[in-house]
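Peer 1: Quick one: sequence plus predicted model below, questions after.
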Amino acid sequence: MRTVKKILLLLLSAVLLVTPFTSAADEGAYVFLDGEEITLSGAAAYFDTDIGIIMASMDLFSEKLGVEVNYSPETGTVLLSHKDTVLTFTVDDTEAKLNSRNVTLDTPPVLKEGTVYVPLRFAAENLGFELTWNADEKRVDLATIYDYELGIPREKMVEIYGTPSGTMPSEKGYEWQVYQTDYTDYQLIGLDAERVVAYYVSSETWKLPFGVQYGTKLSSCQAIMNGLGYQSSSGSGYTTYTSKESTLTVYYQETGEKPIYAALFEYTSYASNCTVTPSVLSAMERTLADLTNVMRVREGLEPLMLDRNVSAVAKAHSNDMAENDFFAHTGTDGMDKTGRMEAAGYGPCYISEALSKAYPNSFAAFASFYSNATYQEILSANFDLLGIGYSYNPDSEGVLYCVQLFYAEKD
């Protein structure tokens with residue numbers, strides 16, 4: 001998979017581009033977007049030599065960068081809106097806002113000849129652009145950031161991430177593009193109507209545009225997302241942050257500082273969808289096996305093969321629970337996991353079983369499993385095969401039931 005560029009959102013203040021010149025005159029600056037020069041009827045930007053900061057006009061954002069601009073001459077207030085981010089400025093005031101978070105700028109916006117100019121680096125980098133400044137040429141290069149950006153077309157997805165290794169359906173209504181080679185860089189990208197609507201990331205190198213990344217403490221994530229105006233709710237081993245446009249679910253270890261190991265980032269319009277079909281159940285089984293193997297490989301262990309026969313034993317028990325509306329390791333026939341394996345024709349074996357119900361997808365089910373210390377021990381043990389069965393009954397209490405078996409033959 002192609003390595004994608006990483007950026008750091010500047011959430012607290014704008015920073016100086018270069019050491020200030022001694023001249024008091026403003027100097028024009030050339031602005032390029034993705035390699036093409038931007039031309040406007042007025043000045044797109046200028047370099048303030050007193051403080052060493054590039055200032056950009058509102059027209060640059062509204063006409064060339066796809067940013068919604070609202071300006072109130074009466075109050076001097078400027079709103080720049082793009083995706084989930086709203087920047088609020090006031091002319092001649094260094095106090096600004098990044099969504100609901102207060103920010104102090106190094107220099108205030110100014111009104112020149114009827115046009116408001118704002119600090120370009122601060123605005124651009126918080127609105128999803130990477131900025132490079134060439135002081136000798138007085139050139140600003142803006143690059144559109146596509147690292148885990150929602151809404152990009154399939155062609156751009158392939159250009160950035162490569163060709164997926166496979167596809168599978170999702171209960172959300174979009175189709176997962178699977179990126180998996182050796183479980184060290186596992187990633188899913190959701191496509192609907194040929195556009196990216198979701199990402200699931202679980203490598204050790206991912207970093208989302210908010211600044212949330214692999215290993216971020218849950219408390220730090222909470223501060224970031226609350227500052228951006230997201231509302232939160234928690235489950236077992238995961239927390240979901242929701243705004244009007246997008247939803248972020250982070251999955252973390254339930255120990256110590258609760259470091260985050262994976263995330264699901266999607267449009268909010270898909271977040272609550274759950275349409276279950278036989279093919280979706282199969283995809284959930286495959287996904288849970290992948291998530292299990294991601295963690296095993298991360299611990300230096302071999303991945304486990306998802307075995308059809310062991311899965312049939314797991315499926316029989318998940319069907320039993322869904323059809324008869326109960327949740328227990330012992331089935332309606334009085335057999336436990338060992339009895340079920342023997343009835344299926346297996347000889348002496350080591351077998352461990354994990355159950356879940358009511359979790360809407362494999363990501364949440366795995367998070368609930370992984371938050372349990374006993375499950376982590378099972379995950380790290382020397383088993384040979386996996387068996388996974390998902391069953392669905394909307395009229396039952398648990399609705400969606402999962403059985404995961406870890407199997408090894410006794411010598």
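Peer 2: Sure, I can see it. It should be emphasised that the depicted structure is a prediction, and the values quoted were computed from it without experimental measurement. Numbers count the residues shown, from 1 in each chain.

Peer 1: Dump the C-alpha coordinates for stretch 345-357 into CSV.
Peer 2: The C-alpha trace of stretch 345-357 is given here as CSV (Å, rounded to 0.1, in the frame of the first residue of the first chain):
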residue,chain,number,x,y,z
GLY,A,345,-16.7,-35.8,15.2
TYR,A,346,-13.7,-34.1,16.8
GLY,A,347,-11.4,-36.1,19.1
PRO,A,348,-9.6,-34.8,22.2
CYS,A,349,-8.8,-31.1,21.7
TYR,A,350,-8.2,-27.8,23.4
ILE,A,351,-11.1,-25.5,22.8
SER,A,352,-11.9,-22.0,24.0
GLU,A,353,-15.1,-20.1,23.3
ALA,A,354,-16.1,-16.4,23.3
LEU,A,355,-19.7,-15.2,22.9
SER,A,356,-21.2,-11.8,22.2
LYS,A,357,-24.7,-10.5,21.5
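
Peer 1: For it, which residues meet the burial criterion?
Peer 2: For stretch 345-357, a neighbour-count test (16 or more other Cβ atoms under 10 Å) marks 346, 349, 351-357 as buried. All C-beta spots, glycine's among them, are computed from the backbone N, C-alpha and C.

Peer 1: try stretch 222-239
Peer 2: Per 16+ other Cβ under 10 Å, stretch 222-239 contains these buried residues: 222, 224-225, 227-230, 237-239.

Peer 1: Between all of the residues you listed, which two are at the greatest distance?
Peer 2: Gly229 and Gly237 (24.5 Å; Cβ to Cβ).

Peer 1: tell me the mean pLDDT over stretch 387-396?
Peer 2: In this model, stretch 387-396 has an average pLDDT of 97.

Peer 1: From the opening residue of that stretch to its closing one, how far?
Peer 2: Using Cα to Cα, to the nearest Å, the end-to-end distance of stretch 387-396 comes to 23 Å.

Peer 1: Determine the three-state secondary structure at Ser62.
Peer 2: Following DSSP: H, G, I helix; E, B strand; the rest coil, Ser62 is assigned to helix.

Peer 1: separation between the closest residue to it other than its chain neighbours and Val276?
Peer 2: Counting by Cβ to Cβ, 6 or more residues apart in numbering, Ser62 lies nearest to Val69, which is 4.1 Å off, once chain neighbours are set aside. Val69 is 43 Å from Val276, where distance means Cβ to Cβ, to the nearest Å.

Peer 1: Then Asp147?
Peer 2: In terms of Cβ to Cβ, Asp147 sits 32 Å off from Val276.

Peer 1: How about His317?
Peer 2: With Cβ to Cβ as the criterion, His317 and Val276 are 18 Å apart.

Peer 1: how about the helices in this protein?
Peer 2: 58-59, 120-126, 154-161, 218-227, 268-271, 278-298, 308-324, 337-343, 362-370, 373-379 (DSSP state H).

Peer 1: how about the third one: buried residues?
Peer 2: Pointing back at helix 154-161 there. For helix 154-161, burial by neighbour count (16+ other Cβ under 10 Å) applies to 157, 160-161.

Peer 1: of those residues, the lowest pLDDT goes to which?
Peer 2: Across those, the smallest pLDDT goes to Ile160, namely 87.

Peer 1: The most centrally placed residue in the chain pairs with what?
Peer 2: For the chain, the residue nearest the mean C-alpha position is Phe265 (3.4 Å; Cα atoms, centre = their mean). Under DSSP bridges, the beta-bridge partners of Phe265 are Tyr199, Leu248.

Peer 1: check contacts around it.
Peer 2: By Cβ atoms under 8 Å, 6 or more residues apart in numbering, the contact set of Phe265 is 148, 150, 198-201, 208, 246-249.

Peer 1: And the residues you listed, which of them are buried?
Peer 2: With burial judged by 16+ other Cβ under 10 Å, the buried subset of the contacts of Phe265 is 148, 150, 198-201, 208, 246-249.

Peer 1: what's the closest of the residues you listed to Glu171?
Peer 2: Ala198 (11.5 Å).

Peer 1: Just give the nearest non-adjacent residue to that closest one, would you?
Peer 2: Ala198's closest residue in space is Gly190 (Cβ to Cβ, 6+ apart), at 3.1 Å.

Peer 1: Would you convert the buried ones among the contacts of Phe265 into TSV that also reports pLDDT and distance to Glu323?
Peer 2: Output for those, formatted as TSV (pLDDT from 0 to 100; distance: Cβ to Cβ, whole Å):
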residue	pLDDT	distance to Glu323
Tyr148	89	40
Leu150	92	38
Ala198	98	31
Tyr199	98	35
Tyr200	98	30
Val201	97	36
Leu208	88	40
Ser246	95	37
Thr247	97	32
Leu248	97	35
Thr249	98	30
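
Peer 1: want to try JSON lines for those residues, with distance to Cys402 as columns?
Peer 2: Converted to JSON lines, the buried ones among the contacts of Phe265 look like this (distance: Cβ to Cβ, whole Å):
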{"residue": "Tyr148", "distance to Cys402": "28"}
{"residue": "Leu150", "distance to Cys402": "28"}
{"residue": "Ala198", "distance to Cys402": "21"}
{"residue": "Tyr199", "distance to Cys402": "23"}
{"residue": "Tyr200", "distance to Cys402": "17"}
{"residue": "Val201", "distance to Cys402": "22"}
{"residue": "Leu208", "distance to Cys402": "27"}
{"residue": "Ser246", "distance to Cys402": "27"}
{"residue": "Thr247", "distance to Cys402": "22"}
{"residue": "Leu248", "distance to Cys402": "24"}
{"residue": "Thr249", "distance to Cys402": "18"}
